[in-house]
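>>> show me how the following folds:
(one chain, ligands or ions: 1)
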Amino acid sequence: RAQAELDTVVGKTRLPTFDDMERLPYLQCVMSEIFRWGVATPVGTYPSRWPRYLLAYSRPAGVPHRSIEDDEYNGWHIPKGTMVIANAWAMLRDERVYPDPDRFNPDRFLSGEGHEPQADPRGPLFGFGRRVCPGKDLAENSLFAALALVLHAFKLTPAVGADGCAVRVDGAFREHSIRHPEPFTCTILPRLKTSAALIRQVMESH
Ligand code: HEM
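Numbering: from 1, shown residues only. Predicted structure coming up:
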(Lines give C-alpha, C1' and ligand atoms only; values in the text may rest on other atoms or scores of the structure.)
Protein backbone atom coordinates (compact mmCIF):
# COMPACT_ATOMS: atom_id res chain seq x y z
CA ARG A 1 0.00 0.00 0.00
CA ALA A 2 2.85 2.41 0.79
CA GLN A 3 4.39 1.47 -2.56
CA ALA A 4 1.12 2.18 -4.38
CA GLU A 5 1.04 5.59 -2.67
CA LEU A 6 4.65 6.25 -3.76
CA ASP A 7 3.76 5.33 -7.34
CA THR A 8 0.81 7.74 -7.35
CA VAL A 9 2.51 10.66 -5.62
CA VAL A 10 6.13 10.35 -6.78
CA GLY A 11 5.68 8.36 -9.98
CA LYS A 12 8.11 5.93 -11.53
CA THR A 13 10.59 8.26 -13.20
CA ARG A 14 12.24 9.81 -10.14
CA LEU A 15 13.05 8.87 -6.54
CA PRO A 16 11.18 10.41 -3.57
CA THR A 17 12.56 13.53 -1.84
CA PHE A 18 11.76 15.34 1.42
CA ASP A 19 9.37 17.58 -0.53
CA ASP A 20 7.10 14.55 -0.98
CA MET A 21 6.83 13.81 2.74
CA GLU A 22 3.59 15.75 3.39
CA ARG A 23 1.89 14.10 0.44
CA LEU A 24 2.62 10.57 1.65
CA PRO A 25 0.16 10.09 4.55
CA TYR A 26 0.22 6.31 4.45
CA LEU A 27 4.03 6.22 4.50
CA GLN A 28 3.84 8.46 7.56
CA CYS A 29 1.53 5.89 9.20
CA VAL A 30 4.13 3.20 8.43
CA MET A 31 6.80 5.39 10.08
CA SER A 32 4.64 5.86 13.18
CA GLU A 33 4.11 2.11 13.41
CA ILE A 34 7.85 1.45 13.01
CA PHE A 35 8.49 3.86 15.90
CA ARG A 36 5.77 2.24 18.03
CA TRP A 37 6.17 -1.46 17.23
CA GLY A 38 9.96 -1.39 16.92
CA VAL A 39 10.41 0.85 20.00
CA ALA A 40 14.16 1.46 19.67
CA THR A 41 14.52 2.79 23.22
CA PRO A 42 12.34 0.82 25.65
CA VAL A 43 14.03 2.99 28.29
CA GLY A 44 12.60 1.41 31.38
CA THR A 45 13.27 -2.22 30.59
CA TYR A 46 15.93 -4.44 32.06
CA PRO A 47 18.23 -6.06 29.48
CA SER A 48 17.07 -9.62 30.03
CA ARG A 49 19.91 -11.27 28.13
CA TRP A 50 22.83 -9.60 29.90
CA PRO A 51 25.21 -12.10 31.55
CA ARG A 52 25.01 -12.36 35.34
CA TYR A 53 28.40 -10.75 35.95
CA LEU A 54 27.29 -7.60 34.10
CA LEU A 55 23.98 -7.46 35.94
CA ALA A 56 25.88 -7.57 39.23
CA TYR A 57 27.78 -4.37 38.38
CA SER A 58 25.23 -2.36 36.48
CA ARG A 59 21.97 -0.57 37.05
CA PRO A 60 18.83 -1.18 35.05
CA ALA A 61 19.29 0.11 31.51
CA GLY A 62 17.23 3.12 30.62
CA VAL A 63 17.50 6.85 31.03
CA PRO A 64 16.83 7.73 34.65
CA HIS A 65 15.22 11.01 35.66
CA ARG A 66 14.93 12.35 39.22
CA SER A 67 11.95 14.20 40.69
CA ILE A 68 13.01 17.68 41.85
CA GLU A 69 10.01 18.05 44.19
CA ASP A 70 7.38 15.91 45.90
CA ASP A 71 4.76 14.82 43.37
CA GLU A 72 1.51 12.93 43.11
CA TYR A 73 0.65 10.76 40.11
CA ASN A 74 -2.52 8.64 39.83
CA GLY A 75 -2.68 8.36 43.61
CA TRP A 76 1.02 7.51 43.92
CA HIS A 77 3.17 9.74 46.10
CA ILE A 78 6.59 10.34 44.50
CA PRO A 79 8.97 11.92 47.04
CA LYS A 80 11.50 14.53 45.92
CA GLY A 81 14.73 12.85 44.75
CA THR A 82 13.10 9.63 43.51
CA MET A 83 14.71 8.03 40.46
CA VAL A 84 12.05 7.62 37.77
CA ILE A 85 12.52 5.59 34.59
CA ALA A 86 9.87 5.98 31.90
CA ASN A 87 8.81 2.63 30.47
CA ALA A 88 8.20 3.51 26.82
CA TRP A 89 7.82 -0.17 26.01
CA ALA A 90 4.78 -0.49 28.29
CA MET A 91 3.26 2.76 27.01
CA LEU A 92 3.65 1.76 23.38
CA ARG A 93 2.32 -1.77 23.99
CA ASP A 94 -0.65 -0.59 26.12
CA GLU A 95 -3.66 -2.36 24.60
CA ARG A 96 -6.03 0.30 25.92
CA VAL A 97 -4.27 2.79 23.62
CA TYR A 98 -3.11 0.40 20.87
CA PRO A 99 -5.49 -2.56 20.51
CA ASP A 100 -3.71 -5.76 19.41
CA PRO A 101 -0.38 -4.07 20.26
CA ASP A 102 2.01 -6.77 19.02
CA ARG A 103 0.57 -6.59 15.52
CA PHE A 104 2.43 -4.34 13.04
CA ASN A 105 -0.52 -2.36 11.71
CA PRO A 106 0.10 1.11 10.17
CA ASP A 107 -3.68 1.52 9.67
CA ARG A 108 -4.02 2.31 13.39
CA PHE A 109 -2.72 5.82 12.61
CA LEU A 110 -5.15 6.55 9.77
CA SER A 111 -7.86 9.09 10.39
CA GLY A 112 -11.21 8.83 8.70
CA GLU A 113 -14.90 9.20 9.27
CA GLY A 114 -15.74 7.85 12.73
CA HIS A 115 -12.16 6.68 13.09
CA GLU A 116 -9.71 8.56 15.30
CA PRO A 117 -6.01 7.81 14.77
CA GLN A 118 -4.37 6.09 17.74
CA ALA A 119 -1.94 8.14 19.86
CA ASP A 120 1.29 9.37 18.26
CA PRO A 121 4.09 7.14 19.63
CA ARG A 122 6.76 9.85 19.32
CA GLY A 123 5.99 11.29 22.78
CA PRO A 124 6.91 8.22 24.86
CA LEU A 125 9.55 7.13 22.33
CA PHE A 126 11.76 10.21 22.42
CA GLY A 127 11.58 10.87 26.15
CA PHE A 128 10.35 13.58 28.43
CA GLY A 129 11.02 17.06 29.76
CA ARG A 130 14.28 18.94 29.49
CA ARG A 131 16.23 15.85 28.45
CA VAL A 132 13.95 14.92 25.53
CA CYS A 133 15.92 13.47 22.61
CA PRO A 134 17.58 16.33 20.66
CA GLY A 135 18.07 14.00 17.69
CA LYS A 136 14.38 13.31 17.07
CA ASP A 137 14.09 15.38 13.90
CA LEU A 138 17.22 13.76 12.50
CA ALA A 139 15.78 10.35 13.42
CA GLU A 140 12.45 11.23 11.76
CA ASN A 141 14.09 12.48 8.56
CA SER A 142 16.56 9.58 8.39
CA LEU A 143 13.73 7.06 8.75
CA PHE A 144 11.72 8.83 6.06
CA ALA A 145 14.65 8.90 3.63
CA ALA A 146 15.51 5.24 4.19
CA LEU A 147 11.94 4.00 4.07
CA ALA A 148 10.77 6.06 1.09
CA LEU A 149 13.83 5.20 -1.00
CA VAL A 150 13.89 1.49 -0.13
CA LEU A 151 10.15 1.03 -0.71
CA HIS A 152 10.26 2.98 -3.97
CA ALA A 153 13.29 1.18 -5.38
CA PHE A 154 13.07 -2.37 -4.08
CA LYS A 155 10.77 -5.32 -3.84
CA LEU A 156 11.38 -7.06 -0.51
CA THR A 157 10.25 -10.63 -0.11
CA PRO A 158 11.15 -13.54 2.20
CA ALA A 159 14.33 -15.45 1.24
CA VAL A 160 13.85 -18.91 -0.25
CA GLY A 161 15.40 -21.74 1.77
CA ALA A 162 17.15 -24.90 0.49
CA ASP A 163 13.75 -26.67 0.67
CA GLY A 164 12.30 -24.14 -1.78
CA CYS A 165 10.03 -22.65 0.90
CA ALA A 166 9.96 -19.05 2.09
CA VAL A 167 12.16 -18.49 5.16
CA ARG A 168 10.00 -17.04 7.91
CA VAL A 169 11.15 -13.75 9.49
CA ASP A 170 10.36 -14.17 13.17
CA GLY A 171 10.69 -10.47 14.07
CA ALA A 172 13.09 -11.12 16.97
CA PHE A 173 15.02 -8.21 18.51
CA ARG A 174 18.15 -7.97 20.68
CA GLU A 175 16.62 -6.65 23.87
CA HIS A 176 19.06 -4.07 25.23
CA SER A 177 18.55 -0.48 26.27
CA ILE A 178 18.61 0.15 22.52
CA ARG A 179 16.83 -2.59 20.60
CA HIS A 180 18.23 -3.99 17.36
CA PRO A 181 16.55 -6.56 15.11
CA GLU A 182 18.25 -9.96 15.10
CA PRO A 183 19.85 -10.68 11.69
CA PHE A 184 17.37 -12.08 9.17
CA THR A 185 17.42 -13.03 5.52
CA CYS A 186 15.27 -11.66 2.72
CA THR A 187 15.33 -11.17 -1.03
CA ILE A 188 15.84 -7.64 -2.36
CA LEU A 189 15.25 -6.95 -6.05
CA PRO A 190 14.70 -3.78 -8.10
CA ARG A 191 10.94 -3.10 -8.01
CA LEU A 192 10.36 -1.06 -11.17
CA LYS A 193 11.89 -1.15 -14.64
CA THR A 194 13.30 2.30 -13.86
CA SER A 195 14.67 1.43 -10.37
CA ALA A 196 18.21 0.31 -11.30
CA ALA A 197 18.81 3.39 -13.49
CA LEU A 198 17.40 5.75 -10.83
CA ILE A 199 19.64 4.29 -8.13
CA ARG A 200 22.71 4.51 -10.38
CA GLN A 201 21.86 8.12 -11.20
CA VAL A 202 21.69 9.04 -7.50
CA MET A 203 24.94 7.20 -6.74
CA GLU A 204 26.73 9.10 -9.49
CA SER A 205 25.39 12.51 -8.46
CA HIS A 206 26.34 12.11 -4.75
C1 HEM B 1 14.69 6.46 16.53
C2 HEM B 1 15.76 7.14 16.96
C3 HEM B 1 15.93 7.67 18.36
C4 HEM B 1 15.22 7.39 19.50
C5 HEM B 1 14.04 6.44 19.67
C6 HEM B 1 15.80 8.19 20.57
C7 HEM B 1 15.34 8.20 21.89
C8 HEM B 1 15.92 8.91 22.92
C9 HEM B 1 15.47 8.88 24.30
C10 HEM B 1 14.28 8.07 24.83
C11 HEM B 1 16.28 9.68 25.00
C12 HEM B 1 16.19 9.98 26.52
C13 HEM B 1 15.23 11.13 26.77
C14 HEM B 1 14.91 11.31 28.23
O15 HEM B 1 15.84 11.43 29.04
O16 HEM B 1 13.71 11.35 28.57
C17 HEM B 1 17.27 10.23 24.09
C18 HEM B 1 18.28 11.10 24.45
C19 HEM B 1 19.22 11.57 23.58
N20 HEM B 1 19.27 11.39 22.22
FE21 HEM B 1 18.02 10.21 21.14
N22 HEM B 1 16.84 8.92 20.06
C23 HEM B 1 16.96 8.64 18.72
C24 HEM B 1 17.85 9.20 17.84
C25 HEM B 1 18.82 10.11 18.18
C26 HEM B 1 19.73 10.75 17.23
C27 HEM B 1 19.69 10.51 15.71
C28 HEM B 1 20.54 11.54 17.96
C29 HEM B 1 21.67 12.44 17.53
C30 HEM B 1 22.08 12.59 16.31
C31 HEM B 1 20.15 11.44 19.35
C32 HEM B 1 20.75 12.11 20.39
C33 HEM B 1 20.36 12.05 21.72
C34 HEM B 1 21.05 12.73 22.82
C35 HEM B 1 22.32 13.59 22.70
C36 HEM B 1 20.33 12.44 23.98
C37 HEM B 1 20.64 12.92 25.41
C38 HEM B 1 19.89 14.22 25.68
C39 HEM B 1 20.08 14.71 27.12
O40 HEM B 1 20.27 13.91 28.02
O41 HEM B 1 20.02 15.94 27.34
N42 HEM B 1 19.10 10.58 19.44
N43 HEM B 1 17.03 9.75 22.83
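>>> neighbours around the residue nearest to P64 when sequence neighbours are not counted, how many?
Here the nearest residue to P64 in space, its sequence neighbours aside, is M83; by Cβ to Cβ, 6 or more residues apart in numbering that works out to 4.9 Å. (Glycine included, C-beta is placed from N, CA and C.) Other residues within reach of M83, judged by other Cβ atoms under 10 Å, total 11.
>>> which residues does M83 contact?
Contacts of M83 were listed using Cβ atoms under 8 Å, 6 or more residues apart in numbering, and they are P64, H65, R66.
>>> and if you look at T194?
T194 makes contact with K12, T13, according to Cβ under 8 Å, 6+ apart.
>>> and it, how close does it get to K12?
Using Cβ to Cβ, to the nearest Å, T194 is found at 5 Å from K12.
>>> next one: P79
Applying Cβ to Cβ, one obtains 61 Å for the distance of P79 from K12.
>>> give me the buried subset of the contacts of M83.
Neighbour-count burial within the contacts of M83 applies to H65; the criterion is 16 or more other Cβ atoms under 10 Å.
>>> where does confidence bottom out across the contacts of M83?
Lowest pLDDT among these: P64, with 85.
>>> that residue against V84, yeah?
Yes - applying Cβ atoms under 8 Å, one finds P64 in contact with V84, separated by 7.1 Å.
>>> which SS class is E95?
Of the three states, E95 takes coil according to DSSP: H, G, I helix; E, B strand; the rest coil.
>>> so what's the residue count around it?
Burial of E95 is recorded as 9 neighbouring residues (other Cβ under 10 Å).
>>> next, the contact list for it, please.
If you count contacts by Cβ under 8 Å, 6+ apart, then E95 has P101 around it.
>>> how about I85, phi and psi?
Backbone geometry at I85, expressed as degrees, to the nearest 10, gives phi -120, psi 120.
>>> what's the burial count for it?
The local packing of I85 (other Cβ under 10 Å) involves 16 other residues.
>>> now the longest helix along the chain: average pLDDT?
Of all the segments assigned as helix in the chain under DSSP state H, the longest by residue count is helix 136-153. Per-residue pLDDT values over helix 136-153 give a mean of 97.
>>> residues in contact with it?
Applying Cβ under 8 Å, 6+ apart, the external contacts of helix 136-153 come out as 2-3, 6, 10, 15-16, 18, 20-21, 24, 27, 30-31, 34-35, 122, 126, 133, 156, 190-192, 195, 198-199.
>>> please repeat the previous calculation with a cut-off of 6 Å.
For helix 136-153, the surrounding residues in contact (Cβ atoms under 6 Å, 6 or more residues apart in numbering) are A2, Q3, L6, L15, P16, M21, M31, F126, S195, I199.
>>> thank you kindly, that will do.
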